[in-house]
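Asker: Following is a predicted model, sequence given first.
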Amino acid sequence: MSRTPLDTVEHAAATPDVELPWAELGLKKDEYERVVEILGRRPTGAELAMYSVMWSEHCSYKSSKVHLRQFGEKAPESDAMLVGIGENAGVVDVGQGYAVTFKVESHNHPSYVEPYQGAATGVGGIVRDIIAMGARPVAVVDPLRFGAADHPDTKRVLPGVVAGIGGYGNCLGLPNIGGEVVFDACYQGNPLVNAGAIGVMRHEDIHLAKASGAGNKVILYGARTGGDGIGGASILASETFDDAKPSKRPAVQVGDPFQEKLLIECTLEAFAEKLVVGIQDLGAAGLSCATSELASNGSGGMRVTLDDVPLRDSTLSPEEILMSESQERMCAVVEPEKVDRFLEICEKWDVIATVIGEVTDGDRLEIYWHGGKIVDVDPRTVAHEGPVYERPYARPDWQDTLQADDANKLPRPETSEELKDQVLKLVASPNQASKSWITSQYDHFVQGNTVLAQPEDSGMIRIDEETGLGVAIATDGNGRYAKLDPYHGAQLALAEAYRNVATTGAKPLAVSDCLNFGSPEDPAVMWQFAEAVRGLADACQQLGTPVTGGNVSLYNQTGEAAIHPTPVVAVLGVIDDVARRTPVAFQEEGQLLYLLGDTREEFGGSAWSQVVHDHLGGLPPRVDLERERLLAEILISASRDGMIDSAHDLSDGGLIQAVVESALLGGKGARLIVPDGLDAFTFLFSESAGRAVVAVPRSEEVRFNDMCGARGLPVTRIGVVDGDTVDVQGEFALPLSELREAHEGTIPALLK
Amino acid sequence: MARVVVDVMLKPEILDPQGQAVQRALPRLGFDGISDVRQGKRFELEVDGPVDEAALARIHDLAESFLANTVIEDFTIRVEEVAEAAK
Amino acid sequence: MARVVVDVMLKPEILDPQGQAVQRALPRLGFDGISDVRQGKRFELEVDGPVDEAALARIHDLAESFLANTVIEDFTIRVEEVAEAAK
Amino acid sequence: MTARIGVVTFPGSLDDRDTQRAIRVAGAEPVALWHKDKDLKQVDAVVLCGGFSYGDYLRAGAIARFSPVMEPLLEQAKAGLPVLGICNGFQILTEAHLLPGTMLRNDHLHFICRDQKLRVENAETAWTTDYSAGQEIHIPLKNNDGQYVADAYTLDKLEAEGRVAFRYLDFNPNGSQRDIAGVTNEAGNVVGLMPHPEHAVEPLIGTGRTDGLPFFTSILKKLVNA
Ligand SMILES: Nc1ncnc2c1ncn2[C@@H]1O[C@H](COP(=O)(O)OP(=O)(O)O)[C@@H](O)[C@H]1O
Ligand SMILES: [Mg+2]
């Protein structure tokens, strides 16, 4: 765009025939025409910059919007919901006057290009969403997916991503309390780096992103604005990039966790003094997003002088300033008489803060540069009235073939020896192996409130020292299940996270999700997406856990090959007293092991089918949400009443995987008896949902059985905590030492 | 044996939090008159044998593929002839 | 305005874990003939005004008291005259 | 009466609140100190807590060491004020040359977080009298730059004078020379260590052990009995 003369609104009106590079900025022809129609003239360069980033897939959700509505339409009645979808993050009431906000987001593409910085800035971004709600961030989680464990590029991507998440989160002082690490060749060129954060506040501290009150000042604070990731939001999210063409690689953003730590402290101090009317973090689409969202959510308009934005690079054009994705910046709306105090607090924390504009009583967003008006728009048309696509979708023709390829018919182990070998192979497989090489690079202890962290079923944080009130979070997703059946796969992801939260003794309350899919322009992918959303919305309704917010990441695909559909679900739960939490590790020899739930022959998408047969086909385990709810109730009651000393949910890898993990963690073995009516193979490897293993002290045996009986939950005694082997009677006994070597050796060996 | 030095610096347009932190500390230490600080890495490679064209080409490859992250960093390579003025 | 470069390297007797990690990786990357790698820091200071004796003396102080930890590190200071052969 | 123990917050300090809590749990009164403070508010002892002061840019502790609060702290520490440096605090104390040696990047080049076994080698410092010499304890460790190094002369001297206060047991998590996890100055009032006793003062929380509490009860007793 030519710099002379300045492309003001006036100039644009006078020069209707000037060609603008709308296509390069990622807009489609009809989208550009829509902009012209809205404005009644051609846009200025700056306006085009704003529309193009804000109307990108990433910011506008144009392909996903029509489906995501179900989360609202089907939302269950919940007293806990304080702020729902649409804000930076949802907020739920957890009692005693506390509110909790949490959200999961993706930073997939940037993490492939530059693993360390991509992942680091992913953490930075989600944490700013949490601060923007008025909360103190208290923990992070990181659901991750990489290509094949032994692929050379995984050695580049994984250590960088892990170091980036750790480098940023550790430096911010946020304990990392959970996540996932999954390997699958389908993620080779498209690793999934999802990051979640939780924040805690008092009810009265909830803040929203809106600019109200004419005359109120708009303050930009945090890092200076540089040329980072310009256009990243639109270019990254609007098309696949092809790593053979490095010229298409966007400028990456570099994070400064120290700056963000200062941002947290100074923002919280400003909140505490009630200095802030509205607040918005700067993430994707930078100032374009922050100004248009603040203005369109508020009652008035907004006038901004772009010359006042502190720059790191004085050569930036106004368009670039508007699109810059420089990290560690926030925008606050402050009453004029409180501005001085706000700036003082920023100065105390060495944070640069500048008044860049004010709220007006009109309804326009006007932006000035060098004295000329370069933006004059209705902010709603930028922020909320972007294009909405009803993309075509169709069940792919291969779906039937895939489902017909029944995993239950795969050859099973024929001898005890074979069974034993397969158990060892399973617990050593990259997806089932211990992730401690990764999680030991994360601080679990900082803030001094961590009750449970990796490798527990859910992370748990104490939020009140006096009463012991706490919250728990688990994230889960199984792309293999979702590939076989996206509707039920999404429900299984929710069911697993829900179960994980309940297993630790917390009551599941609400959901956030990160929906990672391929290209929405492929009807098959769009069908997967539609099915997954429908499945998740239906299941949330049935379980009574509303979706409070989340994130969609599309175009995770290399050429024609899309990733497995991968809905990742985070469930947040609450526990009245963290002293009652239930850990995974076996605590005491002699305690009785019970299997809760029904075990069926269900091997479709299972870890066993992957590890032993490299197979994906058939149907995923059956979903029974009423059963999940009952199981959760039992686990929560048992924890509250002290009837169980340890518990572990059953998911990928089945019962044997869970028992081995509890045994290794507790340093105590188990003697298992195959129950009547089941064969050893199904008992050990089936992945039927709605199950958990619990260890019951002998003194509680009767009470526990009575409770399960009274409520109608199938419960089977399967053995006892004992010795230093995992002994499946009549089949094999594996020493803990051998299991430990298999389970803990894999990941370090792969990444050395 | 010769020494080859590879200097790796963040590209000018990339944020350098470390350099910034150092620069911001200078006034407190009583230093003024320094308008910018950038911090990078210096690698000293001891090369067996002669540092000829071929060796330099290989070191260039090494720097490009491993020592520097060219997504965000630039590098320069030079053969160090004599010890520089030591402190 | 002039640029002064301060190079900070670990003292020879101090084990350099980063340099060693690089060196250990070389054979895997197919590089041989490099017998030692040391990794240090490079600071580029943009100095306002002339870089005279007095300015250099002050930068020496800065390096000694701040940029380097002389318990474990040595440093060298030089004024950068011309841009070096860029990559 | 109880003792007033200052906890300094630098920009980037992370464990200031936890350290204050640990002091409270032990029965003393925590006093918040700010890095720009020019005096120590007449506290009886000071803890420099963990975190990434100034992002740990340049070197861990290198920038914080020049904060205004460090001036009175250095002066009074030399005169006997009890000072405990935990992790980043330890790094600041070495950068300030109040304790010998320094910290390099962990030898394996990764951040490491684990429940670390230690042996208390010196139970006579201001911060360790509630331990017994040779006692084995578990304290959480989490750092990036925890490899303790000093020249051989210094190390020998530290050993000879009993100033190696804590040693890593079973596993050296960062390549520290002679498994050193913490040291004390000659007078025993200034102690620094990499592991985090403030994260081990309450059952249930963190690793669920309380092996770190004696740091805070030791100093409390010393100050109250003084
Ligand atoms: N990237 C990660 N970051 C943090 N914690 C992780 C990560 N990956 C796995 N974990 C933790 O390791 C444990 C085992 O993970 P996983 O097998 O996925 O749990 P589950 O099957 O119960 O969902 C959990 O505590 C999980 O939170
Ligand atoms: Mg689990």
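Answerer: Arrived safely. Numbers count the residues shown, from 1 in each chain, chains lettered A, B, ... in the order given. Ligands and ions are numbered 1, 2, ... in the order given.

Asker: Chain neighbours aside, what residue packs nearest to residue D:48?
Answerer: The shortest distance from residue D:48 to any non-neighbouring residue, by CB to CB, 6 or more residues apart in numbering or on different chains, is to residue D:89 (2.9 Å). (Glycine included, C-beta is placed from N, CA and C.)

Asker: in the chain, what spans have low per-residue confidence?
Answerer: Just going to use chain A. Counting by pLDDT under 70, chain A has low-confidence residues at A:1-4, A:231-251.

Asker: Can you look at chain B instead?
Answerer: Counting by pLDDT under 70, the low-confidence segments of chain B come to B:81-87.

Asker: near chain A, which residues of it?
Answerer: Within chain B, the positions near chain A by CB under 8 Å from any CB of the partner chain are B:10, B:13-17, B:20-21, B:24, B:69, B:71-72.

Asker: quick one, what contacts residue D:78?
Answerer: By CB atoms under 8 Å, 6 or more residues apart in numbering or on different chains, the residues touching residue D:78 are residue D:98.

Asker: Quick check, the residue in the stretch 301-450 of chain A closest to chain D?
Answerer: residue A:448 (3.5 Å; CB to the nearest CB).

Asker: can I assume that residue is in contact with residue D:21?
Answerer: Yes: judged on CB atoms under 8 Å, residue A:448 makes contact with residue D:21 at a distance of 5.9 Å.

Asker: before we move on, the earlier item: ok, the residue nearest to residue D:48 - contacts?
Answerer: Residue D:89 neighbours (CB under 8 Å, 6+ apart): D:8, D:47-50, D:61, D:192.

Asker: Using CSV, lay out the residues you listed together with neighbour count and pLDDT.
Answerer: Converted to CSV, the contacts of residue D:89 look like this (neighbours: other CB atoms under 10 Å in any protein chain shown; pLDDT from 0 to 100):
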residue, neighbour count, pLDDT
D:8, 29, 98
D:47, 30, 98
D:48, 34, 98
D:49, 28, 97
D:50, 30, 96
D:61, 28, 94
D:192, 30, 98
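
Asker: which one of those residues is nearest ligand 2?
Answerer: Nearest to ligand 2 among the contacts of residue D:89, counting by CB to the ion, is residue D:50 at 30.4 Å.

Asker: Which stretches in chain D count as helices?
Answerer: D:16-26, D:70-78, D:88-95, D:152-160, D:213-225 (DSSP state H).

Asker: looking at this, residue A:94 is in a strand?
Answerer: Yes: according to DSSP: H, G, I helix; E, B strand; the rest coil, residue A:94 belongs to a strand.

Asker: For it, which residues are in contact?
Answerer: Taking CB under 8 Å, 6+ apart, one finds A:80, A:100, A:463, A:469, A:471, A:509, A:574 in contact with residue A:94.

Asker: how many neighbours does residue 40 have?
Answerer: I went with chain A, as the question did not name one. 7 (other CB atoms under 10 Å in any protein chain shown).

Asker: Let me rephrase: I mean chain D.
Answerer: Using other CB under 10 Å: residue D:40 sits among 21 other residues.

Asker: So it is in contact with residue D:72, correct?
Answerer: Yes: with contact defined as CB under 8 Å, residue D:40 counts as touching residue D:72 (5.2 Å).

Asker: Who are the contact partners of residue 112?
Answerer: Reading this off chain A. A:118, A:157, A:189-191, A:243.

Asker: um, chain D though
Answerer: Counted by CB under 8 Å, 6+ apart, residue D:112 has contacts A:440-441, D:106, D:141-143, D:146, D:173-174.

Asker: Same check on residue A:451?
Answerer: Neighbours of residue A:451 in contact, by CB under 8 Å, 6+ apart: A:460-462, A:470, A:578, A:581, D:204-205.

Asker: and which of those residues is nearest chain B?
Answerer: Distance to chain B across the contacts of residue A:451 (CB to the nearest CB) is lowest for residue A:461, with 28.2 Å.

Asker: The closest one: neighbouring residues, count only.
Answerer: Neighbour tally, residue A:461, other CB under 10 Å: 24.

Asker: Please give me every residue in contact with it.
Answerer: Residue A:461 touches A:138-139, A:175, A:177, A:198, A:447, A:449-451, A:470-472, counting by CB under 8 Å, 6+ apart.

Asker: Not counting sequence-adjacent ones, nearest residue to the closest residue to chain D within the stretch 51-200 of chain A?
Answerer: Closest contact between the stretch 51-200 of chain A and chain D, by CB to the nearest CB, is at residue A:173 (3.4 Å). Once flanking residues are discounted, residue A:173 sits nearest to residue D:14: 3.4 Å by CB to CB, 6+ apart.

Asker: Next one: the one you found from ligand 1, what distance?
Answerer: As judged by CB to the nearest ligand atom, to the nearest Å, residue D:14 and ligand 1 stand 19 Å apart.

Asker: for residue D:71, same thing?
Answerer: Taken as CB to the nearest ligand atom, the span from residue D:71 to ligand 1 is 41 Å.

Asker: Check the residue lying closest to that residue once chain neighbours are set aside and give its pLDDT.
Answerer: Leaving aside its chain neighbours, residue D:71 sits nearest to residue D:38 (7.4 Å; criterion: CB to CB, 6+ apart). For residue D:38, the pLDDT comes out at 95.

Asker: The residue of the stretch 51-200 of chain A closest to chain D and residue A:449 touch, don't they?
Answerer: No: between residue A:173 and residue A:449 there is no contact under CB under 8 Å: 11.6 Å.

Asker: list the contacts for residue A:387?
Answerer: A:28, A:30-31, A:34, A:55, A:60, A:62.

Asker: can you rerun that using 10 Å?
Answerer: Residues near residue A:387 by CB atoms under 10 Å, 6 or more residues apart in numbering or on different chains: A:27-28, A:30-31, A:34, A:55, A:57, A:60, A:62-63, A:65.

Asker: Alright, calling it a day.
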